[in-house]
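In: below: sequence and its predicted model.
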Amino acid sequence: MITRSFNPLTILDKNKSILLLGPRCVGKSALIEALSRAKEFVSGEGVVQIDLLKGGDYQRYLNPGQLIKELSDLALRLDGGKKIVSIDEVQKIPALLDEVHFLIENFKGKLSFFLSGSSARKLKRGGANLLAGRAINCQLFPLSQLELDLSLSKALLFGTLPGVYLDSSGLEIATLESYVSTYLREEVQQESLVRRIDRFAKFLEFATQSNGQPINFSQLGKQLGIAGKTVAEYFSILSETLIVHELSGWSESVKRQLLQAPRYYFFDCGVLNALNGYLRLELRESSYLFGNLFETFIINQLLCSNHFKSLGLKFYYWRDKEGHEVDLILARNAVEPLLAVEIKSGSLPRSSDCPGFQTFKEEYPNVPRICVCTTPRSYLDDGIRFVPWKDIVLELQKFL
């Protein structure tokens with residue numbers, strides 16, 4: 001049994017509610033099931049579970065007022081204690097959040113909500129009540145080194161979705177290929193996020209091949225035969241359904257940040273490989289593909305560590321006018337970066353393998369520079385600290 005970094009009981013036990021977002025299959029439903037078994041924190045029958053993926057629950061609450069009728073009655077009948085209500089895939093009926101707001105305000109100490117969903121897009125675009133100040137907003141990631149000792153080779157090829165990484169049946173490829181088709185069918189087509197699924201599918205092929213690269217919307221639009229603003233909208237869909245993470249270019253000027261081409265990293269290497277058709281390839285450590293997957297994996301691991309340890313960091317990349325680059329800049333404000341990070345998949349990289357650091361140092365001489373790699377032990381070379389990837393994931397704060 002894996003103990004996840006996110007424990008909803010630490011919030012729910014303080015009479016707070018939760019809005020938990022995360023891509024499909026990262027383990028939100030498993031957390032709800034675990035919660036239903038933790039009866040020492042709830043009274044009576046345990047957790048009230050509503051799953052809007054189930055046809056019966058979905059049809060029942062299409063009239064959101066039904067939720068108030070049922071839960072008001074339940075709260076009034078409680079003789080001490082409290083009741084936890086979980087609503088899974090809440091983005092399917094965003095109007096339910098208004099009813100949840102009412103119930104939280106009127107039954108404080110009696111009702112706490114564990115709301116989960118796989119897409120922020122439908123909630124935000126529909127003007128849904130996101131319960132600001134009434135629910136703690138959280139995000140769930142695939143499995144990380146914070147939760148178990150990961151096999152790097154397995155994580156890079158098949159990713160770390162719990163149902164895939166922990167699978168012992170040998171069906172990882174079939175599961176991931178099904179996941180990709182399910183995403184297109186359910187997240188995009190059924191939710192009517194795009195008008196033409198064929199055009200979006202073609203875009204997705206280009207997006208996966210551009211993983212981690214600066215994206216020029218206009219140029220990519222010309223390649224696809226669509227408008228640049230449509231490409232930007234498609235990337236917005238990937239971002240708001242939590243399939244990719246966006247990194248902006250670092251600049252002390254917010255205006256300049258907005259002008260720099262963003263980079264997008266897919267949230268899981270297995271899903272990225274499934275979209276690219278690479279699941280049956282043998283990964284060679286010296287290949288570009290291995291390096292790109294390692295960079296994607298590390299950035300996702302650091303995003304997870306930042307979130308669950310509440311470090312408050314923002315993630316950027318750095319590039320100057322001459323094209324010198326640093327993979328990752330960590331900062332809390334727009335005044336000065338806290339840490340510059342290069343990501344190399346080799347076990348013995350040198351300072352010469354990180355040419356962007358030299359130019360970066362001229363501009364920011366006091367900012368620590370580290371290179372995350374597969375070395376078994378840390379070492380210094382020309383002022384750059386080379387760090388085992390597991391160390392920085394587990395103890396990111398020590399490097400700031």
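Out: Nice, I can see it.

In: from here on, just use CA atoms for contacts and neighbour counts.
Out: Will do.

In: and the average pLDDT for stretch 176-196 is what?
Out: Average pLDDT, stretch 176-196: 80.

In: repeat for stretch 82-90
Out: pLDDT averaged over stretch 82-90 gives 90.

In: repeat that for stretch 234-254.
Out: 87.

In: ok, stretch 68-79 next?
Out: Mean predicted lDDT for stretch 68-79 stands at 91.

In: return the set of buried residues in it.
Out: The neighbour-count check on stretch 68-79 (16 or more other Cα atoms under 10 Å) flags I68, L71, S72, A75 as buried.

In: what strand or helix carries the third one?
Out: Yep, that's S72 we're talking about. Using DSSP states H and E, the element containing S72 is helix 65-77.

In: list the neighbouring strands of the helix or strand just after that helix plus their orientation.
Out: Next along the chain after helix 65-77, taking DSSP H and E as the criterion, comes strand 83-88. Note on strand 83-88: by DSSP bridges, its sheet partners are strand 48-51 (parallel), strand 111-117 (parallel).

In: next structured bit after the least confident helix or strand in the chain by mean pLDDT?
Out: Least confident helix or strand of the chain, by mean pLDDT, DSSP states H and E, is helix 254-259 with a mean of 51. Using DSSP H and E, the helix or strand that follows helix 254-259 in sequence is strand 263-266.

In: for that following strand, packing partners?
Out: Judged by 3 or more Cα pairs under 8 Å, 6 or more residues apart in numbering; DSSP states H and E, strand 263-266 is in contact with strand 244-249.

In: now do the strands in the stretch 301-400 of the chain.
Out: 314-319, 325-331, 339-343, 369-373, 379-381, 384-388 (DSSP state E, counting those that start in this stretch).

In: just give the nearest non-adjacent residue to A331, would you?
Out: Distance criterion Cα to Cα, 6 or more residues apart in numbering; nearest residue to A331, sequence neighbours excluded, is P337 at 4.6 Å.

In: ok, now which ones touch the one you found?
Out: Listed by Cα atoms under 8 Å, 6 or more residues apart in numbering, the contact partners of P337 are I329, L330, A331, V367.

In: switch the cut-off to 10 Å
Out: 250-252, 313-316, 329-331, 364, 366-368, 400 (Cα atoms under 10 Å, 6 or more residues apart in numbering).

In: quick one on the thing from earlier: from the chain's centroid, how far away is the helix holding S72?
Out: Offset of helix 65-77 from its chain centre (Cα atoms, centre = their mean, to the nearest Å): 34 Å.

In: try stretch 321-333
Out: On Cα atoms, centre = their mean, the centre of stretch 321-333 falls 21 Å from that of its chain.

In: in it, what's buried?
Out: Using 16+ other Cα under 10 Å as the test for burial, stretch 321-333 gives E325, V326, D327, L328, I329, L330, A331.

In: could you dump it to PDB, C-alpha only?
Out: The C-alpha coordinates for stretch 321-333 follow below in PDB (Å, rounded to 0.1, in the frame of the first residue of the first chain):
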ATOM      1  CA  LYS A 321      19.300  37.000 -26.800                       C
ATOM      2  CA  GLU A 322      22.300  34.900 -28.100                       C
ATOM      3  CA  GLY A 323      20.400  31.600 -27.400                       C
ATOM      4  CA  HIS A 324      22.200  30.500 -24.200                       C
ATOM      5  CA  GLU A 325      19.800  28.600 -22.100                       C
ATOM      6  CA  VAL A 326      19.300  27.200 -18.600                       C
ATOM      7  CA  ASP A 327      16.700  24.500 -18.200                       C
ATOM      8  CA  LEU A 328      15.000  25.700 -15.000                       C
ATOM      9  CA  ILE A 329      14.900  28.800 -12.800                       C
ATOM     10  CA  LEU A 330      13.200  28.600  -9.400                       C
ATOM     11  CA  ALA A 331      11.900  31.800  -7.900                       C
ATOM     12  CA  ARG A 332       9.300  33.300  -5.600                       C
ATOM     13  CA  ASN A 333       9.100  36.700  -7.100                       C
END
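
In: what sits up against it?
Out: By Cα under 10 Å, 6+ apart, stretch 321-333 touches 212, 247-250, 252, 295, 299, 311-320, 336-344, 354-360, 367, 369, 371, 400.

In: in PyMOL, select just the buried ones from these.
Out: Per 16+ other Cα under 10 Å, the buried members of those correspond to this PyMOL selection:
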select buried, resi 212+247+248+249+250+295+299+313+314+315+316+317+318+319+336+337+338+339+340+341+342+343+344+354+356+357+358+359+360+367+369+371
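
In: can you tell which of the strands paired with strand 83-88 is closest to I136?
Out: In terms of Cα to Cα, the element of the strands paired with strand 83-88 nearest to I136 is strand 111-117, at 9.7 Å.
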